[in-house]
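1. coords please:
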Amino acid sequence: MRTLHLVHLYPDLLTLDGDRGNIITLCRRCAWRGITLTVTTASLGETVDFTAADLVFIGGSADREQPLVYADLEKTKGPALAAAVEERLPVLAVGAGYQLLGRCYRFPDRKELPGLGVFAAWTEPGEKRLTGNVVATAPMLGEKSSLVGFENHQGRTFLAEPSKTRPLAQVITGHGNNGRDGTEGAIYRNAIGTYLQGPLLPKNPALADWLLARALKRRYQDGSLAPLPDKWETLAHQSVVKRFG
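-> You can find the predicted model right below:
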């Protein structure tokens, strides 16, 4: 039996956007295939051996938690996490987690909250929140390339270097990264950042399997996944596409 290990970072601080649903989805999709997925959590002051991890999840929060989390990343977890991303560790970062893995958050007074720099991106605040349902297309998912979700963020994220970080998806409906350039999220190696919430993975089984396949490939040199019927997941996904796409 194949076994994977997922590390959920800061579940007590970064957990505003239905994040537990993403963890449940990964666990269920593994269990249905006879794969064991163990989950451990790590918060402030706790060290993590990312060389033993197969997946990492970091979720969203209000702005006030971000300085606390970044200080902890800088001190206890950040360098090891960045090194693991270079070794193609699959990571899913949503909302504030996505912003923290960029290079910085730039405030109007020109002060900057530094980020981990996994993504070649920066974020700045906008005047209004970008809120609503999103339909986007992510070519890296192949034939099941559409993504759906809900966004609710005041930050505007801009990708700085296409050679290092490319968009996760192109927006069909919604605002995406910044409401200007039509991009949504970011991808670097096997790390994904996104503003799609709701939670994201229950309505996007193809993205969940993309993460699992890469985790299996990295651990066992075999990323094959048995197909699942996905009746209800597909209905949920298509209902958003039909209504808002």
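2. assign a three-state SS to Phe119, would you?
-> At Phe119 the chain is in coil, as set by DSSP: H, G, I helix; E, B strand; the rest coil.
3. that one and Leu100, how far apart?
-> Counting by CB to CB, to the nearest Å, the separation of Phe119 from Leu100 is 10 Å. Bear in mind the C-beta positions are built from the backbone N, C-alpha and C, glycine included.
4. Leu168 too?
-> Distance from Leu168 to Leu100, by CB to CB: 16 Å.
5. out of these two, which sits in the busier spot?
-> When neighbours are counted by other CB atoms under 10 Å, Leu100 comes out ahead of the other of Leu168 and Leu100, with 30 against 25.
6. buried residues, the top helix by length along the chain. List them.
-> Counting by DSSP state H, the longest helix found in the chain is helix 205-220. Under the neighbour-count criterion of 16 or more other CB atoms under 10 Å, helix 205-220 has 205-216, 218-219 buried.
7. so, low pLDDT: which residues of the protein?
-> 17, 62-63 (pLDDT under 70).
8. tally of neighbours for Gly185?
-> The burial count for Gly185: 30, using other CB under 10 Å.
9. my error: substitute Met1 in the last question.
-> 5.
10. next: the one 3 residues further on.
-> Neighbourhood size, Leu4 [other CB under 10 Å]: 22.
11. ok, the helix or strand that contains it: who's next to it in the sheet?
-> Here Leu4 sits within strand 3-9, counting by DSSP states H and E. Strand 3-9 has the following strand partners under DSSP bridges: strand 36-42 (parallel), strand 55-58 (parallel).
12. who touches that strand?
-> 23, 26, 30, 35-43, 48, 50, 52-58, 77, 97, 212, 215-216, 219 (CB atoms under 8 Å, 6 or more residues apart in numbering).
13. check contacts around the closest residue to Asn190 other than its chain neighbours.
-> Ranked by CB to CB, 6 or more residues apart in numbering and with sequence neighbours excluded, the top spatial neighbour of Asn190 is Pro90, at 4.2 Å. Applying CB under 8 Å, 6+ apart to Pro90 gives the contacts 54-56, 190-192, 211, 214-215, 218.
14. against Gly223, how distant is Pro90?
-> With CB to CB as the criterion, Pro90 and Gly223 are 11 Å apart.
15. which neighbours do the two share?
-> Arg214.
16. sorry, back to before: between the contacts of Pro90, which is nearest Asp230?
-> Leu211 (15.4 Å; CB to CB).
17. pretty sure the closest one is touching Arg29, no?
-> No - in this structure Leu211 lies outside contact range of Arg29 using CB atoms under 8 Å: 9.6 Å.
18. quick check, Tyr70 in a helix?
-> Yes - assessed by three-state DSSP, Tyr70 belongs to a helix.
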